[in-house]
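*Asks:* sequence and predicted structure, then a few things I'm wondering about:
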Amino acid sequence: MKKTMAYLHERKRSGQKIAMLTCYDYRTAVLQEEAGVDVIFVGDSVGTNVLGYESEKEVSLDEILYHLRMVKRGVRDAYLLADMPYRTYEEPSIALDTARRLLAAGADGVKLEGVQSRVVECLREQGIEVWGHLGYTPQFHSEVALQGKTFEQAAALAEGALELQRAGASMLVLELIPEELAEAVTKKLSIPTVGIASGRHTDGQVQIVNDMLGLTPRRLRHVKLYADFGEQALAAFRSYAEEVRQAEFPAEPHARHMNQSELRRLED
Ligand code: KIV
Ligand code: NA
């Protein structure tokens with residue numbers, strides 16, 4: 001069964017958590033789909049995790065579209081979300097063009113950072129599902145730092161969340177804010193919240209797939225290593241290189257052979 005926005009909202013109402021992961025390629029999408037991940041998300045974190053960029057700001061719309069198309073081929077039931085990259089939603093008409101291209105490439109909804117009420121209203125009027133993103137937002141903050149620590153900052157964030165909901169946002173991602181604030185915002189909103197590095201009480205959780213698989217050199221407090229593919233891949237690459245140098249790989253079981261008569265003709 002396709003996981004629609006109505007389904008995600010029903011999950012909040014019934015108190016069932018929403019599991020979301022970033023995804024940047026076809027094969028990973030197939031695995032996430034098979035595992036029953038609810039929301040598969042082509043984030044602009046593709047820039048730092050896959051493309052080797054310093055910042056999410058370097059990611060272009062064409063790059064998001066390229067990764068979105070490969071992920072789409074592996075998604076069946078999961079809700080497929082795509083990020084609107086830096087400077088592709090500065091005003092409603094540009095945002096509409098960006099969102100239409102992402103939907104045409106297979107996204108079910110689009111995400112933008114900050115309290116961009118006019119943009120959200122415009123997309124929503126066109127029937128597009130928009131996700132907000134508050135707290136630490138890489139397109140607008142240069143330093144990774146906890147947001148909403150003081151009363152004033154927390155109140156402003158909560159007000160921004162309500163404003164996004166009023167403007168017609170369907171969902172809200174909360175990144176790197178105190179658990180208490182994420183819980184308060186989650187209770188205030190009727191739309192579901194999905195948290196990253198924001199504690200336990202949001203309606204869902206999102207992780208960067210490379211982080212949870214151990215493919216990222218950084219070790220962050222909010223990350224749980226569900227596997228350590230980085231270590232395993234390094235060991236595998238070392239063994240392979242060594243075995244090739246030692247002529248241990250390939251071995252007899254990896255080889256194919258000619259039949260004897262063909263071989264004799266070749267040798268003649
Ligand atoms: O691009 C991304 O991975 C994100 C998540 C951190 C929410 O925006
Ligand atoms: Na992002």
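*Replies:* Great, that's in hand. Residues are numbered from 1 along each chain as shown. Ligands and ions are numbered 1, 2, ... in the order given.
*Asks:* show me what contacts L266?
*Replies:* Listed by Cβ atoms under 8 Å, 6 or more residues apart in numbering, the contact partners of L266 are M258. The way it works is simple: take the backbone N, C-alpha and C, and place the C-beta from them, glycine included.
*Asks:* make it 7 Å
*Replies:* Neighbour list for L266: empty [criterion: Cβ atoms under 7 Å, 6 or more residues apart in numbering].
*Asks:* now Q32
*Replies:* Applying Cβ under 7 Å, 6+ apart, one finds that Q32 lies in contact with L21, C23, I40, A78.
*Asks:* kindly reformat the residues you listed as a markdown table containing secondary structure and neighbour count.
*Replies:* Compiled in a markdown table, the contacts of Q32 are given as follows (DSSP: H, G, I helix; E, B strand; the rest coil; neighbours: other Cβ atoms under 10 Å):
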| residue | secondary structure | neighbour count |
| --- | --- | --- |
| L21 | strand | 24 |
| C23 | coil | 31 |
| I40 | strand | 26 |
| A78 | coil | 25 |
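*Asks:* can you tell me which of the residues you listed lies nearest to E180?
*Replies:* In terms of Cβ to Cβ, no member of the contacts of Q32 lies closer to E180 than L21, at 25.2 Å.
*Asks:* pLDDT score assigned to Y226?
*Replies:* The predicted local distance difference test score for Y226 is 97.
*Asks:* dump the contacts of Q32 to a markdown table, plus distance to A105 and pLDDT.
*Replies:* Compiled in a markdown table, the contacts of Q32 are given as follows (distance: Cβ to Cβ, whole Å; pLDDT from 0 to 100):
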| residue | distance to A105 | pLDDT |
| --- | --- | --- |
| L21 | 19 | 98 |
| C23 | 14 | 99 |
| I40 | 14 | 99 |
| A78 | 16 | 98 |
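*Asks:* count the neighbours of T193 for me.
*Replies:* T193 has 25 neighbouring residues, counting by other Cβ atoms under 10 Å.
*Asks:* from what I can see it touches L174, true?
*Replies:* Yes. Using Cβ atoms under 7 Å, T193 is in contact with L174, at 5.5 Å.
*Asks:* okay, and the common contacts of these two?
*Replies:* Residues within reach of T193 and of L174 at once, by Cβ under 7 Å, 6+ apart, are A182, V185, T202.
*Asks:* with adjacent residues omitted, what lies nearest to the second one?
*Replies:* Leaving aside its chain neighbours, V185 sits nearest to A161 (4.9 Å; criterion: Cβ to Cβ, 6 or more residues apart in numbering).
*Asks:* what's the answer for the last one, then?
*Replies:* Closest residue in space to T202, ignoring its immediate chain neighbours: G195 at 3.3 Å, by Cβ to Cβ, 6+ apart.
*Asks:* I18 against V39, yeah?
*Replies:* Yes. Between I18 and V39 a contact is recorded at 6.5 Å, counting by Cβ under 7 Å.
*Asks:* which residues are in contact with the residue nearest to V185?
*Replies:* For A161, the contact set (Cβ under 7 Å, 6+ apart) comprises L134, L172, V185, L189.
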